[in-house]
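Asker: got a predicted structure plus its sequence, pasted below:
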Amino acid sequence: MTCYIFPGQGSQKKGMGQNLFDQFPDQTNQASSILGYDIKQLCLDDPNNNLNNTQYTQPALFFVSALATLQLKQTNQFIPTHLAGHSLGEYNALFAADAFSLETGLQLVKKRGELMAQATGGGMAAIIGLTASQIQMVLTDNNFSSIDIANFNEPTQTVISGPAADIEAAKPIFEAAKVRRYIPLPVSGAFHSRYMNQAKTAFETFLATCTFNAPTLPVIANVTAKPYAQATDIPTLLGQQMTDSVQWVNTITNLLQQGVTDFTEVGPGKVLTGLVNKIKLKTTVNNV
């Protein structure tokens, strides 16, 4: 069994989609019309240095991964048994499963990117070299109750989220705990944490105006690490995703337990492939 996995924010790069835009001129024009700017120019040339700004990053990354999906379908190379995406990538997984149209997907990620870009005062950091339970222990022991765990990426790579000052203050504490690396992330908001509640509420209002279909393939939700059961799950779980942790370790572990053997990353970069390989290694060790 094969799972297609779709990357989230952080995998964007100038030049992405270079071989795709001209193959899909109608969709590219549609995207530029919906977004209000030239999506091809943004991705290939980034003349205004906007590609790494959240409100531009999310639509651009979603669209390039969506075109890669359309290319696979057009050439009869679309063969997954399961679909999953990391944070923003979950929208691509749902699009690949025909849960919504390209137009709806673009409108969703445009709104999501705008709302997340408006979040200020927050920060995030990737912690490498400690398990999630060890990280939680350090946070608890040092009274960092303001910090949430945002992403369970792989067994020894976890992302934390919270007020920017607390993320900064936690760095020497984790370094003293012999963490391998503590990497503050270039974000303005505390994504996937309780601090996104206001954005979540606004996004849920927007989600209520959209039309969704039941996925044609099992799509694993970030929030539950389980497949969407029906169309009505989509607005609920996409809303929750704004404030809840990305359960990537559990997602991949559950897929492995279901018999998925191959993971194919669709979209720019190979970040998720690396995470999956580390989860696989840990799972194999645990099963011995």
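Answerer: Received it, and whenever you're ready, just let me know what you need. As the structure is a computational prediction, the values presented were derived from the model and not from experiment. Numbering: from 1, shown residues only.

Asker: switch to C-alpha atoms for all contacts and neighbour counts from now on
Answerer: OK.

Asker: show me the helices in the stretch 101-250 of the chain, by range?
Answerer: 102-118, 132-141, 164-176, 197-207, 233-241, 248-257 (DSSP state H, counting those that start in this stretch).

Asker: looking at those, which is closest to T28?
Answerer: Nearest of those to T28, taken as Cα to Cα: helix 102-118 at 10.6 Å.

Asker: ok, now how distant is A125 from D148?
Answerer: Between A125 and D148 the computed distance is 11 Å (Cα to Cα, to the nearest Å).

Asker: ok so, going back, and L35, which of the helices of the stretch 101-250 of the chain is closest to it?
Answerer: Smallest distance to L35 across the helices of the stretch 101-250 of the chain (Cα to Cα): 6.9 Å, for helix 102-118.

Asker: distance to S87, mean neighbour count and mean pLDDT added to the helices of the stretch 101-250 of the chain, as TSV?
Answerer: Listed next are these as TSV, based on distance: least, Cα to Cα, whole Å; neighbours: other Cα atoms under 10 Å; pLDDT from 0 to 100:
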stretch	distance to S87	mean neighbour count	mean pLDDT
helix 102-118	11	19	96
helix 132-141	18	16	96
helix 164-176	21	15	96
helix 197-207	14	17	97
helix 233-241	7	20	97
helix 248-257	9	20	96
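
Asker: low pLDDT regions in this structure?
Answerer: Counting by pLDDT under 70, the ranges of the chain that qualify are 283-288.

Asker: all strands for it, in order.
Answerer: With DSSP state E as the criterion, the chain has strands at 2-6, 82-85, 122-128, 148-154, 157-163, 181-184, 219-220, 262-265.

Asker: got a list of what L44 touches?
Answerer: K14, G15, M16, G17, Q18 (Cα atoms under 8 Å, 6 or more residues apart in numbering).

Asker: re earlier: can the strands of the chain go into JSON lines with extra columns for distance to K280 and mean neighbour count?
Answerer: Shown next, in JSON lines, are these (distance: least, Cα to Cα, whole Å; neighbours: other Cα atoms under 10 Å):
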{"stretch": "strand 2-6", "distance to K280": "14", "mean neighbour count": "24"}
{"stretch": "strand 82-85", "distance to K280": "16", "mean neighbour count": "26"}
{"stretch": "strand 122-128", "distance to K280": "17", "mean neighbour count": "22"}
{"stretch": "strand 148-154", "distance to K280": "9", "mean neighbour count": "24"}
{"stretch": "strand 157-163", "distance to K280": "14", "mean neighbour count": "25"}
{"stretch": "strand 181-184", "distance to K280": "22", "mean neighbour count": "16"}
{"stretch": "strand 219-220", "distance to K280": "17", "mean neighbour count": "28"}
{"stretch": "strand 262-265", "distance to K280": "11", "mean neighbour count": "18"}
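
Asker: measure G89 to N222 for me?
Answerer: Counting by Cα to Cα, the gap from G89 to N222 is 10 Å.

Asker: circling back to that earlier point, any residues in contact with both of A125 and D148?
Answerer: Common neighbours of A125 and D148, using Cα under 8 Å, 6+ apart, are I160, S161.

Asker: related to what we said a few turns ago, show me which of G89 and N222 is the more surrounded one.
Answerer: A direct count of neighbours by other Cα atoms under 10 Å for G89 and N222 places N222 higher, at 28 against 24.

Asker: for the more buried one, phi and psi?
Answerer: phi -60, psi -40 (degrees, to the nearest 10).

Asker: looking at the chain, which helix is longest?
Answerer: Longest among the helix segments of the chain by residue count, using DSSP state H, is helix 54-74.

Asker: what angle do that one and strand 2-6 make?
Answerer: 150 degrees (axes from the mean of the first three to the mean of the last three Cα atoms, to 10 degrees).

Asker: from here on, call the first residue 8.
Answerer: Sure, I'll start counting at 8 from here, so that last one is helix 61-81.

Asker: next one: helix 61-81 to chain centre, how far?
Answerer: Distance, stretch centre to chain centre, for helix 61-81: 13 Å (Cα atoms, centre = their mean, to the nearest Å).

Asker: which parts of that helix are buried?
Answerer: Buried residues in helix 61-81, defined by neighbour count with 16 or more other Cα atoms under 10 Å: 61-78.
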